[in-house]
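**Q** What would the 3D arrangement of this be:
(one chain, ligands or ions: 1)
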Amino acid sequence: MEAKINELKKEFLKQLNQVVSETELFDLEKKYLGRKSEFNEILKNLKNLSPEDRRVVGPLANATKNEIAQLIADKRLEFSGSSDLEKEKIDVTLPGTRRAVGHLNPISLVRAEIEDIFTRMGFEIADGPEVETEFYNFDALNIPKDHPARDMQDTFWLSAKTRTDADVTRKDAERLSMRSQTSAVQARYMQKHKPPFRIIAPGKVFRNEATDATHEHTFYQFEALVVGEKVNVGNLKHIAEVFFSEFFQADVKVRLRPSYFPFTEPSFEFDISCTMCGGIGCKGCRGGGWLELGGAGMVNQNVFVAAGYPRNKYQGFAWGFGFERLAMMKYKIDDIRLFHSGDLRFVRQF
Ligand SMILES: [Zn+2]
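**A** So this is what the prediction gives:
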């Protein structure tokens with residue numbers, strides 16, 4: 001039996017040397033180690049041997065079998081060209097893959113700076129949901145039922161299907177929309193707080209409009225709301241001048257022009273002196289010396305009433321300005337679409 005095993009091994013080695021392809025190697029493996037191989041027969045017959053013979057033949061047969069298996073494995077590696085070690089080798093001297101690291105968007109930088117300036121002036125930062133009920137986004141702001149701002153063209157209304165049962169059964173659940181202005185925070189805050197107070201409400205707003213260099217469907221605003229028994233237009237102008245002078249690090253003047261908004265009375269278009277020329281007149285301000293910033297005014301008494309305050313007890317002022325517009329002025333950015341482009345080359349400049 002021992003002789004037979006040694007004979008098999010010798011024969012195997014001879015044939016192994018003649019193998020030239022992986023297919024041949026596979027056949028050889030089958031022949032020597034397969035279920036029907038002579039080797040398997042020997043192993044199977046071990047139990048018929050005498051205990052003495054088994055003690056000698058058993059270990060020899062197993063050792064030989066392992067040796068053959070190892071030789072076949074080695075040969076296979078020769079064919080596959082490289083060993084596992086070779087494949088997994090890491091050249092630590094190779095340059096690595098550099099990952100692109102993010103950077104704060106100029107809108108985030110501007111927001112942080114605005115919040116910083118206002119908290120130093122004693123303002124509180126208020127917050128509200130981006131999906132808003134028709135009440136807070138329109139009714140509470142004295143916007144008439146037939147006002148064009150409520151149209152499909154201006155507001156992203158959420159379809160009834162996207163509303164959950166909880167929304168529908170809520171008392172104030174009229175139609176839901178993506179809020180079109182941060183002013184929606186006004187009534188929410190006033191319902192829970194008693195004047196006097198001063199807040200800003202920064203956040204995202206949504207308008208159903210086509211985008212171009214100066215318009216985005218999603219942008220950021222910050223609402224300011226100051227309410228007390230003796231708040232007046234002079235306070236509005238003063239706080240705005242202090243804020244813009246700090247923000248632009250320049251001596252900024254504020255100009256109010258009469259205008260109309262449903263939620264303020266009186267209402268103003270709000271201009272600041274040109275931050276590039278200081279008001280003398282340049283290309284940036286088209287020679288006029290002023291830059292238009294947005295709307296402001298004294299809170300309409302109907303807005304106070306909608307929030308549950310008595311009529312004519314309090315006065316307040318409010319404004320809503322866009323972060324993008326301010327960031328564009330501060331950093332001289334000429335296309336609003338860059339803010340949401342996700343292009344690191346853009347954000348890294350700030
Ligand atoms: Zn100018």
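**Q** contacting residues for the residue nearest to Gly284 when sequence neighbours are not counted?
**A** Leaving aside its chain neighbours, Gly284 sits nearest to Met276 (4.3 Å; criterion: CB to CB, 6 or more residues apart in numbering). Where C-beta positions appear, they are placed from N, C-alpha and C, glycine not excepted. For Met276, the contact set (CB atoms under 8 Å, 6 or more residues apart in numbering) comprises Cys282, Gly284, Cys285.
**Q** can these go into TSV with extra columns for neighbour count?
**A** Output for these, formatted as TSV (neighbours: other CB atoms under 10 Å):
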residue	neighbour count
Cys282	14
Gly284	13
Cys285	21
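**Q** restrict these to those near the ion?
**A** The subset of these within reach of the ion, by CB under 5 Å from the ion, is Cys282, Gly284, Cys285.
**Q** SS state for the last one?
**A** So the one you mean is Cys285. What DSSP: H, G, I helix; E, B strand; the rest coil gives for Cys285 is coil.
**Q** Next one, pLDDT for it please.
**A** We have a pLDDT of 83 for Cys285.
**Q** Neighbours of Asn17, how many?
**A** Per other CB atoms under 10 Å, the neighbour tally for Asn17 reads 9.
**Q** Kindly report the same for the one 4 residues further on.
**A** Burial measure for Ser21: 9 neighbouring residues, criterion other CB under 10 Å.
**Q** check which helix or strand covers the closest residue to the ion within the stretch 51-200 of the chain.
**A** As assessed by CB to the ion, the ion sits closest to Val110 within the stretch 51-200 of the chain, at 20.3 Å. Element membership of Val110 [criterion: DSSP states H and E] is helix 106-120.
**Q** Show me what whichever helix or strand comes after that helix is packed against.
**A** Once helix 106-120 ends, the next helix or strand along the chain (criterion: DSSP H and E) is strand 124-125. Judged by 3 or more CB pairs under 8 Å, 6 or more residues apart in numbering; DSSP states H and E, the packing partners of strand 124-125 are helix 106-120, strand 197-206.
**Q** hey, which of those is tucked in deepest?
**A** Burial of those is given as mean neighbour count (mean count of other CB atoms under 10 Å); strand 197-206 ranks first at a mean of 21.
**Q** Each with direction, which strands does that strand pair with?
**A** Using DSSP bridges, the strands paired with strand 197-206 are strand 124-125 (parallel), strand 218-228 (antiparallel).
**Q** quick one on the thing from earlier: which residues does the helix holding Val110 contact?
**A** The contact list for helix 106-120 (CB under 8 Å, 6+ apart) reads 125, 200, 202, 220, 222, 224, 243, 246-247, 323-324, 326-327, 330-331, 333, 339, 347, 350.
**Q** For the stretch 201-350 of the chain, what lies in contact range of the ion?
**A** By CB under 5 Å from the ion, the part of the stretch 201-350 of the chain that sits against the ion consists of Cys274, Met276, Cys277, Cys282, Gly284, Cys285.
**Q** how many other residues sit next to the third one?
**A** When counting by other CB under 10 Å, one arrives at 15 neighbours for Cys277.
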